[in-house]
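Visitor: below is the sequence, then the predicted model.
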Amino acid sequence: MEKQSSAEYIINIKNLDLFYGKFQALIAVDMLAQKNMITALIGPSGCGKSTLLRCLNRMNDLIRGVKITGKIEINNLDIYSKSTDVTELRKNVGMVFQRPNPFPLSIYDNVVYGLRVAGIRNKTELDEIAEKSLRGAWLWDQVKDKLNHPGLELPLDQQQRLCIARLLAVQPEVILMDEPCSSLDPIATMKIEELMIELKKEYTIVIVTHNMQQASRVSDFTGYMLLGEMIEFDKTVNIFTRPANKLTEEYISGKYG
Amino acid sequence: MRINPKYTQWGAVTILTSATIFTILILVFIIFFILEKGLPVLGLSFLTENPQEMGKAGGIFPTLIGTIILPVFALLIATPLGISTSVYLAEYTKETRITKVIRFGTDCLAGIPSIIFGLFGYIFFVITLGFGWSILSGGLTLAVMVLPTIIRTSEEAIRAVPNSYRKVSFSLGASRWQTVKKVVLPNALPGIVTGIMLSIGRSIGETAAVIFTAGSSLRIPSSVFDSTRTMAVHFYILAREGISSENAYGTAATLIIAVLFVNLLAYYTMHRFIAKRS
Ligand SMILES: Nc1ncnc2c1ncn2[C@@H]1O[C@H](COP(=O)(O)OP(=O)(O)OP(=O)(O)O)[C@@H](O)[C@H]1O
Ligand SMILES: [Mg+2]
């Protein structure tokens, strides 16, 4: 019974504590994210949103002095168990960063980077996946005639979609986005938001955002975090219309941060 | 009383500009001076003929060979070793007391006068290991001498590669080594090449470390166990023993042109590489 109900959740975080040295950045965090849904994490600056996100693809492993206790399951597999292959995990749980960060390579080489790393050499296969990924990120029409141009030559919003295409190419199940629109203008932001809603048909998305309108526009579930704790986690409509916790209400109504 | 910023600005510009002009003038003067004295003897025969009477007459062909072979030998050893060390220091270790000691050590080594390396090479490679005065001894000594430069410049270049590249690479499932190979090293390449260029320049121009270890034979070497003479050593011997000042300057002019050529070639290849990548 227990097993069955947790099966529809692709991400299951249980009682997660995280320390940067002596500083505790996450305190007993619980969170469930459903497949093909967008889950948003909101909260004031420094509350631990990015930290929590980085736990999901173990990017925190790269930071010195990080200690984690608790459990994170993705597809019912404990991602912090000794037998986890971190590179496989990262292919399955991809990440879009705050600033668009294409490599100083051509558009094409950017998109196929993850594939090449995975040992795929076959040119037709690479071409196929590159096109599919660029289409998936709504970038194909803009770049199909200039795949050899530097990725860094694109306007910022296209660069961010190039990063998304690069991610789609490794065929993840989960996409983590850490304030993906914070360096984009409102029109580009809208476009990325529409893209996210399209992407959730195939992927599960967890997004960190400072922008509460954005969270209410795109997400299905929202978690409100404060000082390392998950204060409230619920359907987005509930969080924004009838939050159960007074702290959430204060934040939503703009009394905080 | 405050001086009007206009005047200080004017003063700063004047001082900086004159310093630059002064530096360039000195450089131009040295090159001009040597080329003026050296170019008259420089010709195809000077480069392709064997020297006669210890270099009083004839050309400098064997020293050309020596000047190419010793730095090449040295760099073949020092480059992979130096880059590996710098990758290890910059990517694979955390900053600990040991890495600090290694870094301090390489900095110290970089500042040691080359004659000390010459003496070390003489005692260690020539005598102890029994390599004699040879390309082997000379090349190894030069390698040891330029290693710190290569390590430090490469390490700086590697550290200057934006961390976001590494993060993205890891997030796409790349291992650290794949990240180093595909992202870090290509982006650090210009800096690494600069270090190698400096090292080539230093090895080509080196006398003290070479004369004690590779000797100064004017015969054309047939193996790495033979002695050889570089242009710099040839120049030194010609000038010091008063054998022939014309040929000494001819050698010096060749040397300068060679160094210039190597540098231009390196910058050209590097710029092509960068242009191709971005
Ligand atoms: N590498 C690190 N080492 C030490 N402390 C860190 C590190 N990264 C983050 N922290 C601390 O952990 C806390 C949570 O940081 P985090 O970046 O997760 O917050 P955030 O909610 O994403 O903030 P923001 O909205 O500003 O991005 C902060 O107090 C921060 O100072
Ligand atoms: Mg953050």
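Guide: In hand now; what should we look at? Ligands and ions are numbered 1, 2, ... in the order given.
Visitor: use CA for all of it now, contacts and neighbours both
Guide: Fine.
Visitor: quick one: the helices in the stretch 151-257 of chain A?
Guide: Ranges of helices in the stretch 151-257 of chain A, per DSSP state H, counting those that start in this stretch, are A:156-168, A:186-199, A:212-218, A:236-241, A:246-252.
Visitor: out of those helices, flag the one nearest residue B:151.
Guide: Closest approach to residue B:151 among the helices of the stretch 151-257 of chain A (CA to CA): helix A:156-168, 33.3 Å.
Visitor: who are the packing partners of that closest one?
Guide: strand A:93-96, helix A:107-111, helix A:113-117, helix A:123-136, helix A:186-199 (3 or more CA pairs under 8 Å, 6 or more residues apart in numbering or on different chains; DSSP states H and E).
Visitor: just checking: what are the partner strands of the shortest one?
Guide: Based on DSSP bridges, the strands next to strand A:93-96 in the sheet, each with its direction, are strand A:174-178 (parallel).
Visitor: put the alpha carbons of the partner strand into CSV.
Guide: Output of strand A:174-178 as CSV, limited to C-alpha atoms (Å, rounded to 0.1, in the frame of the first residue of the first chain):
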residue,chain,number,x,y,z
VAL,A,174,13.7,15.5,-14.2
ILE,A,175,14.7,19.1,-15.0
LEU,A,176,15.9,21.3,-12.3
MET,A,177,15.8,25.1,-12.9
ASP,A,178,17.4,27.6,-10.7
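Visitor: contacting residues around residue 230?
Guide: Picked chain A for this. With contact set as CA atoms under 8 Å, 6 or more residues apart in numbering or on different chains, residue A:230 has these partners: A:27, A:28, A:29, A:30, A:223, A:224.
Visitor: my question was about chain B, not that one.
Guide: Taking CA under 8 Å, 6+ apart as the definition of contact, the neighbours of residue B:230 are B:63, B:64, B:65, B:66, B:67, B:70, B:204, B:216.
Visitor: within reach of ligand 1, which of the residues you listed are there?
Guide: When contact is defined as CA under 6 Å from any ligand atom, these do not meet ligand 1 at all.
Visitor: what would these look like in JSON lines with pLDDT and distance to residue B:42?
Guide: Putting these into JSON lines (pLDDT from 0 to 100; distance: CA to CA, whole Å) gives the following:
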{"residue": "B:63", "pLDDT": "94", "distance to residue B:42": "14"}
{"residue": "B:64", "pLDDT": "93", "distance to residue B:42": "13"}
{"residue": "B:65", "pLDDT": "93", "distance to residue B:42": "17"}
{"residue": "B:66", "pLDDT": "94", "distance to residue B:42": "18"}
{"residue": "B:67", "pLDDT": "94", "distance to residue B:42": "17"}
{"residue": "B:70", "pLDDT": "95", "distance to residue B:42": "23"}
{"residue": "B:204", "pLDDT": "92", "distance to residue B:42": "19"}
{"residue": "B:216", "pLDDT": "91", "distance to residue B:42": "22"}
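Visitor: widest-spaced pair of those?
Guide: Of all pairs drawn from the contacts of residue B:230, the one with the largest separation by CA to CA is B:204 and B:216; the distance is 14.5 Å.
Visitor: could the helices and strands packed on helix A:156-168 go into CSV alongside mean pLDDT and mean neighbour count?
Guide: As requested, the helices and strands packed on helix A:156-168 are arranged in CSV below (pLDDT from 0 to 100; neighbours: other CA atoms under 10 Å in any protein chain shown):
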stretch, mean pLDDT, mean neighbour count
strand A:93-96, 94, 27
helix A:107-111, 95, 25
helix A:113-117, 94, 22
helix A:123-136, 94, 17
helix A:186-199, 91, 16
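Visitor: and residue 72, what's its pLDDT?
Guide: Using chain A. Here, the pLDDT recorded for residue A:72 equals 93.
Visitor: hm, I was asking about chain B
Guide: Residue B:72 is assigned a predicted lDDT (pLDDT) of 95.
Visitor: helix, strand or coil for it?
Guide: helix (DSSP: H, G, I helix; E, B strand; the rest coil).
Visitor: how close does it get to residue B:197?
Guide: Look at residue B:72 and residue B:197: by CA to CA, to the nearest Å, they are 12 Å apart.
Visitor: again with residue A:133
Guide: With distances taken as CA to CA, residue A:133 is found 42 Å from residue B:197.
Visitor: then residue B:49?
Guide: Residue B:49 is 29 Å from residue B:197, where distance means CA to CA.
Visitor: more neighbours, these two?
Guide: Neighbours per residue (other CA atoms under 10 Å in any protein chain shown) separate residue B:49 from residue B:197, with residue B:197 holding more: 19 against 14.
Visitor: give me the next element, helix or strand, following the helix or strand bottoming out on mean pLDDT in chain A.
Guide: In chain A, no helix or strand scores lower on mean pLDDT, DSSP states H and E than helix A:2-7, which sits at a mean of 44. Note on helix A:2-7: by DSSP states H and E, the next helix or strand toward the C-terminus is strand A:9-20.
Visitor: give the pairing partners of that next one; include direction for each.
Guide: With DSSP bridges as the criterion, the sheet partners recorded for strand A:9-20 are strand A:23-34 (antiparallel), strand A:66-74 (antiparallel).
Visitor: and residue B:204 and residue B:216? which has more neighbours close in?
Guide: Shown here are residue B:204 and residue B:216; by other CA under 10 Å, residue B:204 has more neighbours (26 against 21).
Visitor: interface residues of chain A facing ligand 1?
Guide: If contact is defined as CA under 6 Å from any ligand atom, the residues of chain A in contact with ligand 1 are A:20, A:25, A:44, A:45, A:46, A:47, A:48, A:49, A:50, A:51, A:63.
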